[in-house]
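Peer 1: Everything below, folded, please.
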Amino acid sequence: MNSETLSAPMPRTLVIASRESRLAMWQAEHVQAALHKLYPACDVKIVGMTTRGDQILDRTLSKVGGKGLFVKELEQALDDGRADLAVHSLKDVPMELPERFTLAAIMEREDPRDAFVSSDYASLAALPAGSVVGTSSLRRESMIRARYPHLDVKPLRGNLDTRLAKLDRGDYAAIILAAAGLKRLGLGARIRALIEPEDSLPAAGQGALGIEIRAGRPELAAWLAPLHDDATAKAVEAERMVSRALGGSCTVPLAAYARWRDGKLALRSTIATPDASRVLAAQEATPAATVGDALALGRRVADDLIAQGALDIVRALAEAAQAADGPNTAPGKSGGAASDSTGAGEGPASGR
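Peer 2: This next block holds a predicted model:
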């Protein structure tokens with residue numbers, strides 16, 4: 001959070017739209033507390049709602065329209081004036097927002113890594129052949145298949161508590177979730193091992209929170225400005241540019257992760273087939289003095305992947321998804337969210 005001086009009059013009331021999952025509400029309450037600290041006299045309220053992404057749990061997100069399902073109802077609340085701002089796990093936010101909306105602030109990032117969660121085993125490497133591992137993310141599925149082909153990867157949907165309950169009753173030997181969601185809910189003790197980016201590259205925006213508002217509200221943008229973290233914003237904008245350039249969606253195992261090293265923003269990205277029979281990788285670093293520099297970095301890394309044949313993978317997966325699922329699938333749209341199927345714990349704030 002920065003400490004810039006605000007010129008806009010202090011708000012009297014602000015309403016936050018949030019999904020009703022436990023993690024989503026934690027995220028909204030986190031922003032609520034930050035705003036209360038900035039504006040003690042302001043009445044900051046939270047309006048909870050259930051999205052289509054929360055309601056459809058019997059199919060993977062790639063088959064029902066992608067992660068945009070987790071933000072549309074919240075955007076409707078912004079549109080009709082029921083809310084002033086919506087808090088999202090940035091992994092759930094489409095790469096291209098409708099023109100009438102904008103991301104007013106990107107908050108300081110939590111741990112972006114994936115987490116290995118198991119009641120009986122210490123790591124993926126310790127799992128016996130045939131062990132069932134749960135994940136709803138094609139990115140994670142591809143990583144597991146590439147490094148541990150002897151394991152059985154199965155779909156895992158639901159909010160964070162539902163996923164942990166499925167593990168605890170023995171449906172899975174282990175599950176892979178986002179570390180950020182577990183830590184935010186005080187469940188860090190459930191993490192048996194953190195998976196380093198070298199072994200499982202995070203999804204674009206993983207661990208970061210974004211605050212969305214209607215465009216054309218400069219006073220609201222000014223009130224939210226102190227919540228914005230410039231270093232995180234540059235990193236995730238570079239990551240999201242890779243996904244945007246490649247048309248990343250829930251049908252594509254795409255990862256992009258940027259971190260600051262020695263004054264430079266270092267961005268790595270991979271794209272793969274779900275069975276990991278083909279994996280492409282690219283990386284580059286730049287000082288990134290501006291968001292424009294970060295976006296240019298993301299574009300260069302994307303171009304490197306495209307030169308290696310990334311768009312062939314995107315097209316093949318889009319065609320396969322359409323053939324298998326018909327018009328309900330949302331393959332390879334540039335407006336889709338990145339290749340994990342749910343956000344900051346993350347999916348629908350579910351702890352993925």
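Peer 1: tell me the domain ranges of the protein?
Peer 2: When the chain is parsed with automatic domain parsing, its domains come out as 1-110+207-228, 114-195, 229-337.
Peer 1: Could I get the average pLDDT for the second one?
Peer 2: Domain 114-195 comes out with an average pLDDT of 95.
Peer 1: Figure out the length between the terminal residues of that domain.
Peer 2: 5 Å (C-alpha to C-alpha, to the nearest Å).
Peer 1: so which of the domains of the chain comes closest to residue 201?
Peer 2: Nearest to residue 201, of all these, is domain 229-337, at 3.7 Å by C-beta to C-beta. Heads up, the C-betas are built off the backbone N, CA and C, glycines and all.
Peer 1: quick one: that closest one to chain centroid distance?
Peer 2: Computed by C-alpha atoms, centre = their mean, to the nearest Å, the separation of domain 229-337 from the middle of its chain amounts to 13 Å.
Peer 1: do the same with stretch 126-146
Peer 2: The answer for stretch 126-146 is 19 Å, by C-alpha atoms, centre = their mean.
Peer 1: Could you dump the domains of the chain into JSON lines with distance to residue 201 and mean neighbour count added?
Peer 2: Shown next, in JSON lines, are the domains of the chain (distance: least, C-beta to C-beta, whole Å; neighbours: other C-beta atoms under 10 Å):
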{"stretch": "domain 1-110+207-228", "distance to residue 201": "13", "mean neighbour count": "19"}
{"stretch": "domain 114-195", "distance to residue 201": "8", "mean neighbour count": "20"}
{"stretch": "domain 229-337", "distance to residue 201": "4", "mean neighbour count": "20"}
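Peer 1: What's the first helix or strand after the worst-scoring helix or strand of the chain on mean pLDDT?
Peer 2: Ranking every helix and strand in the chain by mean pLDDT, DSSP states H and E puts helix 52-55 at the bottom, with a mean of 50. Scanning forward in sequence from helix 52-55 by DSSP states H and E, the next helix or strand is helix 72-79.
Peer 1: partners of the helix or strand following that following helix, with directions?
Peer 2: Sequence-wise, the next helix or strand downstream of helix 72-79 (DSSP H and E) is strand 85-89. Here strand 85-89 is paired, per DSSP bridges, with strand 13-19 (parallel), strand 209-214 (antiparallel).
Peer 1: mean confidence for strand 85-89?
Peer 2: Strand 85-89 carries an average pLDDT of 96.
Peer 1: What lies in contact with the helix or strand just after it?
Peer 2: Sequence-wise, the next helix or strand downstream of strand 85-89 (DSSP H and E) is strand 101-106. The contact list for strand 101-106 (C-beta atoms under 8 Å, 6 or more residues apart in numbering) reads 75, 78, 85, 90, 93, 97, 208-215, 220-221, 224-225, 227-229, 232-233, 236-237.
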